[in-house]
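Undergrad: What would the 3D arrangement of this be:
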Amino acid sequence: MHKSAYPQKEFSPEELETLRAKRRVRRIISILVLCALLVIAAMAGLFAGSYALSLADIQAVFAKRLFGSASVDVPKVAEVVIWQIRMPRLILAAVSGMALAVAGVAYQGCFRNPLVEPFILGASSGAACGAALSMLFPLLFAQTQLTAFAFALGGVALSSWLARSRGHTPPVSLVLSGIIVGALFMAAVGIMKYLANDAELREITFWMLGGFHHAGWSDAFAVSALTFPSALVIWALAWKLNLLALGDDESRSLGVNPSQLRRILLFFATLAAASCVASAGIIAWVGLMAPHAARLLFGADHRWLVPASGLLGATYLLFCDYLARTLTGAEIPIGILSATVGAPFLLWLIRVKGRELYVE
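TA: The predicted model follows:
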């Protein structure tokens with residue numbers, strides 16, 4: 001038997017427990033730092049915009065709205081800008097980033113593929129097709145969220161079915177199947193844009209670029225109501241995602257039904273991603289970048305990956321939204337900014353992990 005040329009250090013049980021405790025403390029500190037970054041990004045978003053606000057204005061509005069303080073004199077314009085425009089926009093941006101990032105973690109864990117995310121797997125394009133149908137035929141598809149979810153779930157299922165070969169799903173086949181399914185859905189959206197009138201065409205076109213300029217409290221509440229429960233379910237099943245990484249046979253031997261677990265995780269991941277796409281449009285690459293950035297900080301344990309990815313995705317989209325409102329006089333669509341960073345990141349990922357993708 002081959003022996004390593006380098007001697008392996010053996011740790012006593014006490015030393016191993018000390019190492020685990022130190023690693024746990026480092027991870028907790030990292031989570032707290034990510035929470036602080038999220039708060040800083042949200043505060044920066046409150047100040048970003050053409051209407052200048054002071055810290056006193058923000059404190060006064062929050063005191064009046066949250067605590068019912070009637071003694072505080074708040075300028076009416078400042079109250080409208082903060083509470084009716086910027087706050088729902090920030091909440092929608094943060095929750096959308098969390099939804100896409102957590103969905104990306106779940107997809108990558110289920111398929112054991114580092115390149116899948118809602119956009120690549122066909123979930124985003126499927127949700128876009130369902131939302132476009134709802135815009136074009138509101139009498140037939142009255143519920144935009146429900147229609148987007150149904151088409152997104154169909155896109156993920158079709159991509160998985162097309163890629164499956166002899167009982168398993170090769171990584172490259174899954175990516176190619178997702179691209180094909182996404183192209184089919186986008187072709188359907190193109191047909192609907194061709195049939196739409198000027199007002200409908202403008203609505204669909206701007207919506208597909210992605211953005212939060214139209215955000216209201218109803219959008220923020222709707223996406224939050226679907227994203228937070230979905231993220232909690234995925235986090236609760238994170239330890240089983242760790243078992244999926246060992247393979248289906250090993251998972252079964254440890255008491256986990258891999259097929260049933262995948263169906264549950266894919267359902268809730270697609271529900272979160274579809275709610276985001278239905279409200280904010282197509283925002284790509286967040287579900288790819290946030291999980292990989294979280295792995296650099298926390299390793300491969302999904303119990304830490306899920307919350308860390310959610311925090312990173314939320315902070316990243318808040319940062320993109322800040323740039324969208326401040327870089328130029330006109331607002332830049334979020335989808336353009338996320339693709340500007342995401343496409344080079346995908347090229348880097350293929351170069352670094354390309355060899356792993358061709359392992360059947």
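
Undergrad: where are the low-confidence patches of the chain?
TA: By pLDDT under 70, the low-scoring segments of the chain are 1-9, 11, 69-72, 165-172, 346, 349-350, 352-360.

Undergrad: Give me the contacts around stretch 331-346.
TA: Counting by CB atoms under 8 Å, 6 or more residues apart in numbering, stretch 331-346 makes contact with 93, 115, 206, 208-213, 280-286, 288-289, 292, 317, 320-321, 323-325, all of which sit outside it. C-beta coordinates here come from the backbone N, C-alpha and C atoms, glycine included.

Undergrad: Residue 50 is in what secondary structure piece?
TA: Residue 50 is part of no helix or strand, with elements assigned from DSSP states H and E.

Undergrad: What distance do you get for it to residue 325?
TA: 8 Å (CB to CB, to the nearest Å).

Undergrad: Pick out whichever of those two has more residues nearby.
TA: Neighbours were tallied for residue 50 and for residue 325 using other CB atoms under 10 Å; the higher tally belongs to residue 325 (19 against 8).

Undergrad: picking that back up, report the buried members of the contacts of stretch 331-346.
TA: Buried positions within the contacts of stretch 331-346, assessed by neighbour count (16 or more other CB atoms under 10 Å), are 93, 115, 208, 210-212, 280-286, 288-289, 292, 317, 320-321, 324-325.

Undergrad: So for the protein, the centremost residue is which one?
TA: In the chain, the residue lying closest to the centroid (CA atoms, centre = their mean) is residue 100, at 1.1 Å.

Undergrad: Hmm, it is touching residue 279, no?
TA: No. Judged on CB atoms under 8 Å, residue 100 makes no contact with residue 279 at a distance of 11.9 Å.

Undergrad: before we move on, what SS does residue 246 have?
TA: coil (DSSP: H, G, I helix; E, B strand; the rest coil).

Undergrad: so what's it closest to, chain neighbours aside?
TA: Leaving aside its chain neighbours, residue 246 sits nearest to residue 254 (7.7 Å; criterion: CB to CB, 6 or more residues apart in numbering).

Undergrad: if I look at that neighbour, how far off is residue 61?
TA: Applying CB to CB, the value for residue 254 to residue 61 is 52 Å.

Undergrad: Neighbour count for these two, which is higher?
TA: With neighbours defined as other CB under 10 Å, residue 254 and residue 61 compare such that residue 61 has more, 23 against 10.

Undergrad: I figured the more buried one was touching residue 74, is that so?
TA: Yes. In this structure, residue 61 sits in contact with residue 74. The criterion is CB under 8 Å, and the distance is 5.6 Å.
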